[in-house]
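Participant: build me a structure from this.
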Amino acid sequence: DIEIKLPVKGALQHLRMFVPDNKEPLEIDWIEITPAGGKSKNLERWDFGASKVNERIKAKPNIILILADDLGYGELGCYGGPVRTPHMDRLAKEGVRCTDGYSAFPVCSPSRAALLTGRYPARYGPTYEDYYGGGAPELDPVEHPTIGKLMQDAGYRTACFGKWNVSNLNRRRANDFGFHRWVGLHLNHDFYTHKLLKTGELDMYEDGKPYPDKQGTWCDTVFADEAISFIQEKSKKPFFIFLSFQAPHTPIQDPDSPMDKPQDKNRSTLVKMIERLDLEIGRVMNALEYKKVADNTLVIVTSDNGGEQKVSRNLPLGGTKQVLFEGGIRVPFVLKWPAVLPKGMTYSTPVNAYDLTATVAMAGRAKPHKEKPFDGVDLTPVFQGKSELAYDRPQFFRRRTVKVRSNQNQIRQSAVRQGDWKYLRTYKAADSGKYNSFLFNLKEDIGETRNLATERPEKVKALAKLLVQWEAEMAETAAPFAQSKN
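Facilitator: Presented below is the predicted three-dimensional model:
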């Protein structure tokens with residue numbers, strides 16, 4: 001407390017305070033004006049509640065990491081899209097919306113592995129740079145510690161509700177990776193029957209055991225229900241929920257028509273799926289409000305990759321899921337944490353999925369293993385204005401074509417973005433040593449329609465050097481490609 005005697009005679013009409021020009025924000029709990037001696041009642045007091053705010057901040061936040069599946073950059077209203085998404089739009093309005101937020105990969109399995117571990121899957125080996133199927137290895141809970149395990153060790157109640165997709169070979173449970181509870185699927189199933197389309201196998205599990213109880217219910221509704229129940233549980237521990245919805249990934253099905261059968265790809269039904277996704281997110285947000293924990297809950301909404309070919313809207317970006325053009329990797333990227341983050345902020349410096357992992361961990365005071373640090377940074381102080389993220393921080397990407405059973409292992413595309421410039425290599429199908437080069441200025445050409453590689457050879461050379469250096473770093477720990485004996 002600071003007590004200052006004011007040499008005032010008569011009426012005090014104006015009071016102005018001058019404080020040091022500190023970088024840290026000044027937090028005032030209250031100001032009180034009292035007559036000298038304090039013998040009479042206070043003349044005036046103003047309470048600003050800074051101490052109560054600090055108490056909320058000191059308490060570990062609850063955290064919900066929401067991952068949509070194949071949600072295009074240009075779909076949501078808050079990104080200039082045509083789909084009615086009031087709940088996600090509200091999150092953006094009340095939090096931070098990133099215009100240049102990137103997923104780690106243009107396809108789901110490696111993208112999810114990156115988000116869960118906070119590290120480039122290229123560090124693990126070539127088989128981790130494509131879909132985790134066809135005999136490809138899976139994440140290992142010891143070799144690849146996840147954010148679930150780190151948060152569990154930090155004292156959190158942890159849950160995963162929704163698509164897992166990083167342990168397809170042996171169908172290992174999300175529980176084995178640090179989640180106390182898991183209700184979800186491994187691959188992609190019928191939204192109503194919860195069965196795989198090709199085999200008819202039930203692909204819905206509760207803590208690793210087949211879970212047929214909810215058949216007939218839109219699967220994302222099941223996951224939202226589970227998240228709401230987890231939020232409502234009585235516990236002194238904070239919670240971390242990885243809420244990994246299946247929508248709007250195929251199969252294309254109408255959420256308003258019970259037991260609707262999978263349809264051919266079409267835009268109108270896809271829009272309904274995105275609107276239903278938004279509704280489920282809104283239900284979860286309402287649960288936070290009802291529980292009165294929304295203020296100190298960090299909510300993140302993003303997508304595993306860009307929108308599906310033919311029917312999704314990734315505009316104004318070029319490209320779609322599967323490829324390293326912007327439409328395959330730049331995604332919706334929204335964070336809301338009322339007690340900590342600014343409201344209504346638009347942030348345009350490039351950020352990525354690895355940053356989200358680091359942000360979640362730092363918020364929960366969880367630490368990565370020393371020998372396996374995160375490849376991203378904590379975004380909280382950046383959004384608060386306490387630190388600055390370099391606009392020219394490189395963003396690296398690489399996608400392979402991997403078919404373990406036929407011994408196919410080829411780089412498909414690789415890319416690096418630095419500042420406004422992006423360098424992309426598209427490799428020849430028959431020879432990973434040959435490729436076509438593309439250079440884009442994303443500030444002037446967000447749709448990547450004009451290849452400047454011939455016009456700016458010096459920029460190609462500089463970015464190619466960065467890419468080669470990154471690939472060399474990845475190779476230091478990457479397990480070699482295991483040749484199939486079949």
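
Participant: please make it C-alpha for all contacts and neighbour counts, starting now.
Facilitator: Will do.

Participant: okay, buried residues for the host helix or strand of Q410 please.
Facilitator: Using DSSP states H and E, Q410 maps to strand 408-418. Going by neighbour count (16 or more other CA atoms under 10 Å), the buried part of strand 408-418 is N409, Q410, I411, R412, Q413, S414, A415, V416, R417, Q418.

Participant: output those residues as JSON lines; include the columns pLDDT and distance to W164.
Facilitator: Below are the buried residues of strand 408-418 laid out as JSON lines (pLDDT from 0 to 100; distance: CA to CA, whole Å):
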{"residue": "N409", "pLDDT": "88", "distance to W164": "24"}
{"residue": "Q410", "pLDDT": "91", "distance to W164": "25"}
{"residue": "I411", "pLDDT": "93", "distance to W164": "25"}
{"residue": "R412", "pLDDT": "94", "distance to W164": "25"}
{"residue": "Q413", "pLDDT": "96", "distance to W164": "25"}
{"residue": "S414", "pLDDT": "97", "distance to W164": "25"}
{"residue": "A415", "pLDDT": "98", "distance to W164": "26"}
{"residue": "V416", "pLDDT": "98", "distance to W164": "28"}
{"residue": "R417", "pLDDT": "98", "distance to W164": "29"}
{"residue": "Q418", "pLDDT": "98", "distance to W164": "31"}
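
Participant: could I get the residues you listed in JSON lines, plus columns for distance to E471?
Facilitator: Shown next, in JSON lines, are the buried residues of strand 408-418 (distance: CA to CA, whole Å):
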{"residue": "N409", "distance to E471": "16"}
{"residue": "Q410", "distance to E471": "14"}
{"residue": "I411", "distance to E471": "11"}
{"residue": "R412", "distance to E471": "14"}
{"residue": "Q413", "distance to E471": "12"}
{"residue": "S414", "distance to E471": "10"}
{"residue": "A415", "distance to E471": "11"}
{"residue": "V416", "distance to E471": "11"}
{"residue": "R417", "distance to E471": "14"}
{"residue": "Q418", "distance to E471": "16"}
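
Participant: how near is G344 to G318?
Facilitator: Here G344 is placed at a distance of 27 Å from G318 (CA to CA, to the nearest Å).

Participant: okay, and the helix or strand of this structure with the least pLDDT?
Facilitator: None of the helices or strands of the chain scores lower by mean pLDDT, DSSP states H and E than helix 50-58, at a mean of 55.

Participant: roughly how far is stretch 258-276 from the heart of the chain?
Facilitator: Offset of stretch 258-276 from its chain centre (CA atoms, centre = their mean, to the nearest Å): 24 Å.

Participant: isn't I66 up against F240?
Facilitator: No - here I66 does not reach F240: they are 10.8 Å apart, not a contact under CA atoms under 8 Å.

Participant: pick out whichever of the two has more residues nearby.
Facilitator: Using other CA atoms under 10 Å as the criterion, I66 and F240 rank with F240 on top: 28 against 20.

Participant: pLDDT weak spots in this structure?
Facilitator: Residue ranges of the chain with pLDDT under 70: 1, 11-13, 19-27, 29, 36-43, 48-57, 134-135, 430-432, 483-486.

Participant: now with 90?
Facilitator: Applying pLDDT under 90 to the chain flags residues 1-59, 127, 131-138, 167-171, 402-409, 428-433, 479-486.
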